[in-house]
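S.K.: sequence first, predicted model second:
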Amino acid sequence: MGSGMWLRAQSAPASAAKIASATAIPATVPWRQFEVTAALYAWDLHDEGVEQVLDNVQSMAGVNSVYIIGQMHPERRPETSTTYPHNPMRPFWMAEDARANWNFDPKRYGRIKPRPSDFAWLADTDWTRLFVDAARKRGLRVGFEFSHSLVDKQRVEGEFADLANRNIHGEITHVRNWLRPVCPNQPDVREYAVNAFTEVIEKYQVDWIESAIVLMDESVGGDPARGGGCFCAACKKAAPGFGIDLEKIQAALLKDPASQPELGQWQQFRFASVAAFYNVLQPAVHKAKPGTVLRYDIHAKNIRDFGVDIVQLKPHLDALRIQDYSEQTGQATAMSGKRTWLTEERGNVGPDFKLISGVAVRPRATPELIRQGVKIAVETKMNGIMLGFYDGADFPNLRAVRAGLVDAGLPVAPA
Ligand SMILES: [Zn+2]
């Protein structure tokens, strides 16, 4: 253990000896900082033990980076199989809705405050602190993710109903049963995101912070009559600033959801609203700790249906993760789709923007497909890979990641 470190720029003195002993790699080799990161949850750390989990991902998969999804959305874990393969305490876990798995200070917050776990064993221990300190001792890069729900459904339907995405009929959107996005044009929502992100950065000094937050609910197929917001009061107030009249657009789209130019204007308003939110968040992230990377998770191929235009969003981000898990289809034919998506996104953001691809390690993914996935990520000029997900992964699949890195000629620390 303790040497998942790959050669890279590193200021911590404890790492100097490791860097000095590593083989020098010319700065012109773009993969010298290739990141291999594993996503973990507070309950994994509780059940398996922080050191055991880190030992496993370092020794088996050769990670040089780890992150905690410190605010999750409701989901049965493991997501793609019935039971955990290596959790000694429970067969599965129902992740709670947008509960803070970090130690927050309520005084820091305005109207929206983080909501602690309902379980004492999660709420009373600062799992993010234990995780970050253990990972730092090993010289690992460390991150934190806010997943899809920024605020839990119960509060969004209750005390924060005025902050919710509203569909074309003025109702709270309900594309998915568990998700009630809050609107990026609501000042209280922006304030909460800034407070939560900067608290995590200042307290834990993470290297990056990831947003997988859904701000504009999905409009299925880009159709305003099928789901997505937002036509809330804050959006109507903000609309003139984006050069549109949202009341007028809403009236036209109620008559005909395909009406032009209103449909195009509404879609562009969604892209611009999400970009404006990150235009507020990014400077706050950088101010909290200079050099902190703000990473956005492209959580779906149809990300435009969620109000996200990657090219418009890019100036307000420092990195992107492409949530491709083709390996878990178990189908070799799916891997060409991975190559296509990764190639497209590299084309969208240009050669110098930091892009990380998912590689699925959970059941139905095979060691052979995982090795292929790593190879495709390297060949499509990704800057790293993210393993989805440790909690459901059989150990042979984790070991295939290390094998894939070696196949690709990347420097990997000995197991
Ligand atoms: Zn709105």
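M.R.: Received the coordinates, thanks.

S.K.: distance check, Val132 against Ile68.
M.R.: 8 Å (Cβ to Cβ, to the nearest Å). The way it works is simple: take the backbone N, C-alpha and C, and place the C-beta from them, glycine included.

S.K.: need the pLDDT of the closest residue to Arg176 other than its chain neighbours.
M.R.: Using Cβ to Cβ, 6 or more residues apart in numbering and skipping residues adjacent in sequence, the residue nearest Arg176 is Glu218, 7.8 Å away. Glu218 carries a pLDDT value of 96.

S.K.: report pLDDT for Val29.
M.R.: For Val29, the model assigns a pLDDT of 41.

S.K.: repeat that for Glu79.
M.R.: Per-residue confidence (pLDDT) for Glu79: 92.

S.K.: next one: the residue nearest to Arg176 from the ion, what distance?
M.R.: Distance, Glu218 to the ion, by Cβ to the ion, to the nearest Å: 15 Å.

S.K.: ok, now Asn279?
M.R.: Counting by Cβ to the ion, the gap from Asn279 to the ion is 16 Å.

S.K.: mind listing what's buried in the host helix or strand of that residue?
M.R.: Assigned by DSSP states H and E, Asn279 belongs to helix 262-288. Residues 262-263, 265-278, 281-282, 284-285, 288 are the ones in helix 262-288 that count as buried (16 or more other Cβ atoms under 10 Å).

S.K.: now do stretch 66-86
M.R.: Judged by neighbour count using 16+ other Cβ under 10 Å, the buried positions of stretch 66-86 are 66-74, 77-78, 80-81, 84, 86.

S.K.: mark which of those residues are part of strands, please.
M.R.: Using DSSP state E, the subset of the buried residues of stretch 66-86 located in strands is Val66, Tyr67, Ile68, Ile69, Gly70, Gln71, Arg77.

S.K.: and which of the residues you listed is nearest the ion?
M.R.: Using Cβ to the ion, Gln71 is the member of those that lies nearest the ion, at 21.4 Å.

S.K.: look up the residues forming beta bridges with that closest one.
M.R.: Ala100, Phe146 (DSSP bridges).

S.K.: name the residues of the protein found near the ion, please.
M.R.: The chain has residues Cys183, Asn185, Cys230, Cys232, Cys235 near the ion, with proximity defined as Cβ under 5 Å from the ion.

S.K.: now render the residues you listed as JSON lines, adding neighbour count, secondary structure and pLDDT.
M.R.: Listed next are the residues of the chain next to the ion as JSON lines, based on neighbours: other Cβ atoms under 10 Å; DSSP: H, G, I helix; E, B strand; the rest coil; pLDDT from 0 to 100:
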{"residue": "Cys183", "neighbour count": "27", "secondary structure": "coil", "pLDDT": "98"}
{"residue": "Asn185", "neighbour count": "27", "secondary structure": "coil", "pLDDT": "98"}
{"residue": "Cys230", "neighbour count": "31", "secondary structure": "coil", "pLDDT": "96"}
{"residue": "Cys232", "neighbour count": "23", "secondary structure": "coil", "pLDDT": "98"}
{"residue": "Cys235", "neighbour count": "24", "secondary structure": "helix", "pLDDT": "98"}
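
S.K.: next, count neighbours for the residue nearest to Tyr390 when sequence neighbours are not counted.
M.R.: Residue nearest to Tyr390 in three dimensions, not counting chain neighbours: Ala38, with 5.1 Å by Cβ to Cβ, 6+ apart. Neighbourhood size, Ala38 [other Cβ atoms under 10 Å]: 27.

S.K.: equivalent analysis for the one 4 residues further on, please.
M.R.: Counted with other Cβ under 10 Å, the burial measure for Ala42 works out to 29 neighbours.

S.K.: you'd agree it is up against Trp127?
M.R.: Yes. Using Cβ atoms under 8 Å, Ala42 is in contact with Trp127, at 3.7 Å.

S.K.: what residues are shared contacts of the two?
M.R.: Common contacts of Ala42 and Trp127, defined by Cβ atoms under 8 Å, 6 or more residues apart in numbering, comprise Ile68, Gly70, Asn101.

S.K.: OK, contacts around the second one?
M.R.: Under the criterion of Cβ under 8 Å, 6+ apart, the contact list for Gly70 reads Ala42, Ala100, Asn101, Trp102, Trp127, Thr128, Phe144, Glu145, Phe146, Val200.

S.K.: not counting its neighbours along the chain, what's nearest the last one?
M.R.: Read that as Val200. Among residues not flanking Val200 along the chain, Phe144 sits closest, at 5.1 Å (Cβ to Cβ, 6+ apart).

S.K.: part of a helix, is that neighbour?
M.R.: No. Counting by DSSP: H, G, I helix; E, B strand; the rest coil, Phe144 is not part of a helix but strand.

S.K.: neighbours around it, how many?
M.R.: Neighbours of Phe144 under the rule other Cβ under 10 Å: 24.

S.K.: thought it was touching Ile68?
M.R.: Yes. Between Phe144 and Ile68 there is a contact under Cβ under 8 Å: 5.8 Å.

S.K.: overlap of the contact sets of those two?
M.R.: Among the neighbours of Phe144, those also in contact with Ile68 (Cβ under 8 Å, 6+ apart) are Thr128.
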